[in-house]
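> quick one, fold the following:
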Amino acid sequence: MSNLNEIISFFPEVKDVKEITPLTAGLINQTYKVETADAKSCDYILQCINNQVFQDVDLLQHNIECVTRHIRKKLEEAHETEINRKVLRFVPAADGKTYHFDGEHYWRVSEFIPDSLTLDAVTPESSYLVGLKFGEFEAMLSDIPEKLGETIPDFHNMEFRMKQLHEAVEKNAAGRMEKMKQLVEDIEKDSYEMCQAERLYREGKLPKRICHCDTKVSNMMFNKEGKVLCVIDLDTTMPSFIFSDFGDFLRSAANTAPEDEPDLNKIHFNMEIFKAFAKGYIESAKSFLTPIEIEMLPYAVKLFPYMQAVRFLTDYINGDTYYQIKYPEHNYVRTLAQYKLYQEVKKAEPEMKAYIASLI
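Numbering: from 1, shown residues only. A predicted model of the protein is given here:
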């Protein structure tokens, strides 16, 4: 690892560094808090960008700069106070870019937001706030003038995920297909329906928006009074269907069990979490959503456990080459758990449709 004090010196704005300490273990990026000696100066966040996951760092930072600049402009127009607590600010390096490449690693620095915290607990109350804020986040970016790219190409493309599954089945690299044949056939039965978003997009009936694509409670900063300050972790913010933000949150938040729960009888869909999130999201996003986007919100909730089941199954058939596993059948257990959640969501579809209709 590079010398952190040397790295921070490439960001001239950051002065009088007192201490640099690890902030989180981090699943993707390594993150540090940079504390300055002057109590009146702000502290900073230093991150080492994982360029194995985000291979085009120029594009990544272009997206983030456009998004934060546009949100800041909207906050200024609305005469908001404490704007630096309501949108992330990234510090320029000596060459003017918002990152520094040391020959091996990519680094970036943002202002630390004081007197703030993140939450992990999923409750109806927190789900409502998350839905409200992510809907607002999309609404603020619905008129962004710059063109943004995909930081992870085909991240939530169901057709692409089915193509990966078909390739895995054909190769049968780990010799597991005899056991998986029936499950693959069951998944294939719904593939045409679950790939409809891509078809509707090609037909010009369904738009892509600028979405966060990693919606969870922990990707928001709250103040000590429990009010949402801002959305964080913007690496996956890119063009996508709004289903990415709506469905992916509920895949984890409304699941009554862990995503790798071996006892399928414990896996159910929590309608109270769904209702709270949907209420908040529609309140803030209905100003720009089209009728087809609103109509297909229950489809979004089905899509993400289905997609994740396909991804786990693909990896299992390939011999566990992508996801880290804790035991030999881990990806198989994950597949069954996500497929069970998908089936539970399907049962809840009429109730979801009725509730969404009551909100419009």
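> now do the strands in this structure.
Listed in chain order, the strands of the chain (DSSP state E) span 17-24, 30-36, 44-49, 100-101, 106-111, 116-117, 209-211, 220-223, 228-231, 238-240.
> looking at those strands, which is buried most?
For the strands of the chain, ranked by mean neighbour count under the definition mean count of other C-beta atoms under 10 Å, the leader is strand 209-211 at a mean of 23. Yep, even glycine has a C-beta here, placed from its N, CA and C like the rest.
> now for that one, which elements pack on it?
Strand 209-211 makes packing contacts with helix 124-140, strand 238-240 when contacts are defined by 3 or more C-beta pairs under 8 Å, 6 or more residues apart in numbering; DSSP states H and E.
> who touches the last one?
Looking back up the chat, that one is strand 238-240. Strand 238-240 has contacts (C-beta atoms under 8 Å, 6 or more residues apart in numbering) with 63, 148-152, 155-156, 208-211, 213.
> in the protein, what residue sits furthest out from the centroid?
No residue in the chain sits farther from the centre than residue 38, which is 35.1 Å out by C-alpha atoms, centre = their mean.
> neighbours of residue 200, how many?
Look at residue 200: counted by other C-beta atoms under 10 Å, it has 15 neighbours.
> please report the distance of it from residue 227.
Going from residue 200 to residue 227 by C-beta to C-beta, to the nearest Å gives 37 Å.
> which helix is the longest one in this protein?
The residue-count maximum for a helix in the chain (DSSP state H) belongs to helix 330-359.
> state the mean pLDDT of it.
Here helix 330-359 scores 98 as its mean pLDDT.
> what is it packed up against?
Counting by 3+ C-beta pairs under 8 Å, 6+ apart, helix 330-359 packs on helix 177-189, helix 271-285, helix 297-318.
> closest to residue 96 out of the ones you listed?
Shortest distance between residue 96 and these, using C-beta to C-beta, is found for helix 271-285: 34.5 Å.
> so what angle separates the directions of the closest one and helix 330-359?
On the basis of axes from the mean of the first three to the mean of the last three C-alpha atoms, to 10 degrees, helix 271-285 is oriented at 60 degrees to helix 330-359.
> rounded mean pLDDT for helix 271-285, please.
Rounded mean pLDDT across helix 271-285 is 98.
> who's in contact with it?
The contact list for helix 271-285, computed with C-beta under 8 Å, 6+ apart, reads 122, 124-125, 127-136, 138-139, 242, 245-246, 249-250, 253-254, 289, 294, 297, 301, 348, 351-352, 355-356, 359-360.
> may I see the buried residues of stretch 307-319?
Under the neighbour-count criterion of 16 or more other C-beta atoms under 10 Å, stretch 307-319 has 307-318 buried.
> show me the contact partners of it.
Residues outside stretch 307-319 that contact it (C-beta under 8 Å, 6+ apart): 156, 158, 161-162, 164-165, 168-169, 171-174, 176-177, 180, 183-184, 187, 194, 251, 259, 321-323, 331-332, 334-335, 338-339, 342.
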